[in-house]
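Visitor: Pasting a predicted model and its sequence here:
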Amino acid sequence: DPPSPRRRIRQLDDAAANRIAAGEVVERPASAIKELVENALDAGAGRIEIAYADGGRTLMQVSDDGHGIPADELELALSRHATSKIDGSDLLDIRSFGFRGEALPSLGAVGRLTIASRAAGAAEAAEITVTCGRMDPVRPAALRAGTVVTLRDLFRATPARLKFLRTDRAEAQAIGETVRRLALAAPGVGFALIDRSDDAPREMFRADPVQAEGEEALRQRARQVMGRDFVENAIAIDAEREGIRLTGLAALPTYSRGAAVAQHFFVNARPVRDKQLLGALRAAYADFLSRDRHPAAVLFLSCDPQAVDVNVHPAKAEVRFRDPGVVRGLIVSGLRHALAGAGHRASTTVSD
Ligand code: ADP
Ligand code: MG
């Protein structure tokens, strides 16, 4: 083919730019739920209710009792790279879930998004709707406090993405996993997950706010999320290396499972999916478990925000540590010592 003629370079309009960003931020309904629940957590919510219908395709709604958004900032909340969480000079010191200012504009670009909110101290609530990138003017709303974000017809503007969704059941399951994972990260917050596909709403998951602190809080929340069986067959982990701390619960080798199990990692409370961390977990159990068995675990790494880069991918599920070797060593030795201490002798000598 002859080379195509060069066209002038043009600036894409906001709607197109947001739709492109949405491709990375919103892979499936569960990614939208993740962004909305993280926003609720960042807003200091004490209770969060999540509802969906038809696997999230037709409806997703997240309601919280957090600090809300003032009416005169609603439009800004929907514009790209607009955030209240960082000022741009502090990218090395991120303490909130969000910071990219991309989730709401992305969701508004690929569906019909309504944000209703009443900021703390505001006389009344207001709401704004954006439909596939087209914004309606802000209007008054009826809401006592907090924020309700409703997303309808996800991917209406991107039929290719719509076609790649799995069954409603599979998407609903992914939503459930996302909510459970975030519930583990915030034991003090109450969660309710409701399937509204049918006339009668069905409660899929509930975790009441945990009053306890520290390890006891995690135990209580893990019982709500992963079940009593796991908690009764797990040992507490608490280890440290070079300023990085590893805490959490890890299953005794006798509780291992053959099929997929819950293995949750959090870095500074942020749920992450990271092959290296999972690899370290596997290595730690290598002497205690045969290769086809998998340990359930809920593990938290905490460190100075400067020791980890959370700005690796728009979905923020990946992180990079300044020193990955230290993290791996911490996980492998921390778990091995805890397991050996619990009386589960390795078949070979335990060594770091
Ligand atoms: P980010 O979370 O990266 O800041 P978002 O697009 O997710 O970007 O949200 C934009 C802004 O809207 C947030 O910085 C926050 O100020 C506000 N916001 C979003 N959701 C909520 C909520 N549930 N409660 C209060 N404020 C919210
Ligand atoms: Mg956000």
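Guide: All right, it came through fine. Ligands and ions are numbered 1, 2, ... in the order given.

Visitor: would you list every one of the helices in the protein?
Guide: Secondary structure of the chain by DSSP state H: the helices cover 14-25, 29-42, 74-77, 103-109, 159-163, 168-185, 214-226, 228-232, 275-285, 324-341.

Visitor: Let me know which of the ones you listed is tucked in deepest.
Guide: helix 103-109 (a mean of 27; mean count of other C-beta atoms under 10 Å). Using the backbone N, CA and C atoms, a C-beta is placed for each residue, glycine as well.

Visitor: how about the residues of the protein that lie near ligand 1?
Guide: Within the chain, the residues that sit near ligand 1 (C-beta under 6 Å from any ligand atom) are 35, 39-40, 43, 64, 66-69, 77, 83-85, 98-104, 147.

Visitor: These, buried ones only, as a ChimeraX selection?
Guide: Selection of buried members from those for ChimeraX, criterion 16 or more other C-beta atoms under 10 Å:
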select :35,39,40,43,64,66,67,68,69,77,83,84,98,99,100,101,102,103,104,147
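
Visitor: Any buried residues in stretch 262-274, and which?
Guide: Under the neighbour-count criterion of 16+ other C-beta under 10 Å, stretch 262-274 has 262, 263, 264, 265, 266, 267, 268, 269, 270, 271, 272, 274 buried.

Visitor: nearest to ligand 2, of those residues?
Guide: When these are ranked by distance to ligand 2 (C-beta to the ion), residue 270 comes first, at 12.0 Å.

Visitor: My guess is the closest one contacts residue 312. True?
Guide: No. Using C-beta atoms under 8 Å, residue 270 and residue 312 do not qualify as a contacting pair, with a distance of 11.5 Å.

Visitor: tell me, what's touching those two both at once?
Guide: When contacts are counted by C-beta atoms under 8 Å, 6 or more residues apart in numbering, residue 270 and residue 312 are jointly contacted by residue 319.

Visitor: one step back: what's the most distant pair in the buried residues of stretch 262-274?
Guide: 262 and 268 (20.1 Å; C-beta to C-beta).

Visitor: Next one, pLDDT for residue 2 please.
Guide: Note on residue 2: pLDDT of 73.

Visitor: From ligand 2, how far off is it?
Guide: Distance, residue 2 to ligand 2, by C-beta to the ion, to the nearest Å: 46 Å.

Visitor: can you count the residues close to that residue?
Guide: Residues near residue 2, counting by other C-beta atoms under 10 Å, number 4.

Visitor: okay, residue 55: pLDDT?
Guide: We have a pLDDT of 97 for residue 55.

Visitor: wait, doesn't it sit right on residue 170?
Guide: Yes. Counting by C-beta under 8 Å, residue 170 is a contact partner of residue 55 at 7.2 Å.

Visitor: quick one, phi/psi of residue 322?
Guide: phi -60, psi -40 (degrees, to the nearest 10).

Visitor: What number of residues are in the vicinity of it?
Guide: Residue 322: 13 surrounding residues under other C-beta under 10 Å.

Visitor: how close does it get to residue 309?
Guide: 8 Å (C-beta to C-beta, to the nearest Å).

Visitor: cool, and residue 271?
Guide: Plainly put, residue 271 is 16 Å away from residue 309 if you go by C-beta to C-beta.

Visitor: Right, and ligand 2 sits closest to which residue of the stretch 101-250 of the chain?
Guide: Closest approach between the stretch 101-250 of the chain and ligand 2, counting by C-beta to the ion: residue 103, at 4.1 Å.
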